[in-house]
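>>> all I have is the shape, not the residue letters:
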DNA sequence: CTCTTGACGCACA
DNA sequence: GTGTGCGCCAAGA
């Protein structure tokens, strides 16, 4: 564990199960900094491990996809989530009510 | 070295 | 109910 805030974010994001999505605030909270949602977004922005960090499962508190998805674009992100069985409330808004990740189990 | 920005979220006026 | 600012962490100019 590299005792780094970013590293914490990466590990948590990797724990998001398939067919589920998590919000930046949720991850920031799990990291120990409920207000570090910005840092969470930046951590995924740099996305050093696109093969291990499913950034496409991370959305803002509204469920809206990121405007600058690291893998390719919000359009790709929406495609990946749909392929995993995730439903969308809008063109670029995930149905959090149905797929919001539950860190408590 | 210092200031600002950046895939966000919430509190306060 | 709406509008604005602040807080967190890190990197870029």
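It's in. Computed from a prediction, not measured in an experiment: that's the story for all the values here.
>>> let me see the contact set for the residue nearest to residue A:52 when sequence neighbours are not counted.
Among residues not flanking residue A:52 along the chain, residue A:14 sits closest, at 5.7 Å (C-beta to C-beta, 6 or more residues apart in numbering). All C-beta spots, glycine's among them, are computed from the backbone N, C-alpha and C. Residue A:14 makes contact with A:52-54 under the criterion C-beta atoms under 8 Å, 6 or more residues apart in numbering.
>>> save those as CSV, and put in neighbour count, distance to residue A:39 and pLDDT too.
Below are the contacts of residue A:14 laid out as CSV (neighbours: other C-beta atoms under 10 Å; distance: C-beta to C-beta, whole Å; pLDDT from 0 to 100):
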residue, neighbour count, distance to residue A:39, pLDDT
A:52, 11, 19, 90
A:53, 23, 15, 93
A:54, 23, 18, 94
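>>> between those, which is closest to DNA strand C?
residue A:53 (15.2 Å; C-beta to the nearest atom of the strand).
>>> one step back: roughly how far apart are the residue nearest to residue A:52 and residue A:58?
Distance, residue A:14 to residue A:58, using C-beta to C-beta, to the nearest Å: 11 Å.
>>> before we move on, back to that, need the per-residue pLDDT for the residue nearest to residue A:52.
Per-residue pLDDT puts residue A:14 at 94.
>>> and if you look at the one 4 residues further on?
The confidence metric pLDDT takes the value 95 at residue A:18.
>>> separation between it and residue A:92?
Noted for residue A:18: a distance of 20 Å to residue A:92, by C-beta to C-beta.
>>> more neighbours: which of those two?
Taking neighbours as other C-beta atoms under 10 Å, residue A:18 and residue A:92 compare with residue A:92 leading, 16 against 11.
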